[in-house]
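> from the sequence below, what's the structure:
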Amino acid sequence: QFGFVESGGGLVQPGGSLRLSCVASGSILDDYTIGWFRQAPGKEHEGVSCISSIDGSTSYADSVKGRFTISRDNVKSTAYLQMNNVNPEDTGVYYCAAFFRRADCPVLSEYSGQGTRVTVSS
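Predicted structure coming up:
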């Protein structure tokens, strides 16, 4: 059973950048597909990005394509989300989750970590 600690959030101006980190504990990440998710105020959780354990392929929500980049460091049991050119619609609490040998990252109703809050505002 994984435990996750997300960090790196904060207040950022539109057009700015943030790098989120997700450190996993409890098992090695090599066989796990990692996903980033977010919950905007008053909205349901949504998938942001996913990086496969099978072939390293990545996928992104249409709203973040070309602006966000997901990566992983299995040695450090850490996944990252580089967020560039952010806009107010990126505001929310960001979470990560792991899926054993899946090709995708289904949205969950609950997440083990506390998440990291991102606020995009001028």
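
> tell me the secondary structure of the residue nearest to the spatial centre of the chain, please.
With distances taken as Cα atoms, centre = their mean, residue 36 lies nearest the centre of the chain, 2.3 Å away. The local conformation at residue 36, judged by DSSP: H, G, I helix; E, B strand; the rest coil, is strand.

> list the contacts of it.
Contact analysis of residue 36 by Cβ atoms under 8 Å, 6 or more residues apart in numbering lists 20, 22, 47, 48, 49, 50, 70, 79, 81, 94, 95, 96. To be clear about C-beta, it is placed using only N, CA and C from the backbone, and glycine gets the same treatment.

> switch to 6 Å and redo it
When the contact criterion is Cβ atoms under 6 Å, 6 or more residues apart in numbering, the partners of residue 36 are 48, 49, 81, 96.

> now the buried members of the residues you listed.
In terms of neighbour count (16 or more other Cβ atoms under 10 Å), the buried residues within the contacts of residue 36 are 48, 49, 81, 96.

> if we only consider these, which is nearest to residue 4?
Closest to residue 4 out of the buried ones among the contacts of residue 36 is residue 96 (5.3 Å), distances taken as Cβ to Cβ.

> can you tell me how far that closest one sits from residue 13?
Here the criterion is Cβ to Cβ, to the nearest Å. By it, residue 96 lies 24 Å from residue 13.

> what ranges do the strands span in the chain?
3-7, 10-12, 18-25, 32-39, 45-51, 58-60, 68-73, 78-83, 92-100, 116-120 (DSSP state E).

> list the buried residues of the longest one.
Think strand 92-100. By neighbour count with 16+ other Cβ under 10 Å, strand 92-100 contains the buried residues 92, 93, 94, 95, 96, 97, 98, 99.

> what do you get for the last one?
Of the residues in strand 116-120, 116, 118, 120 count as buried by neighbour count, 16+ other Cβ under 10 Å.

> check the second one too.
Applying a neighbour-count criterion of 16+ other Cβ under 10 Å, one finds residue 12 buried in strand 10-12.

> roughly how far out does it sit from the chain middle?
Centre-to-centre, strand 10-12 and its host chain are 16 Å apart (Cα atoms, centre = their mean, to the nearest Å).
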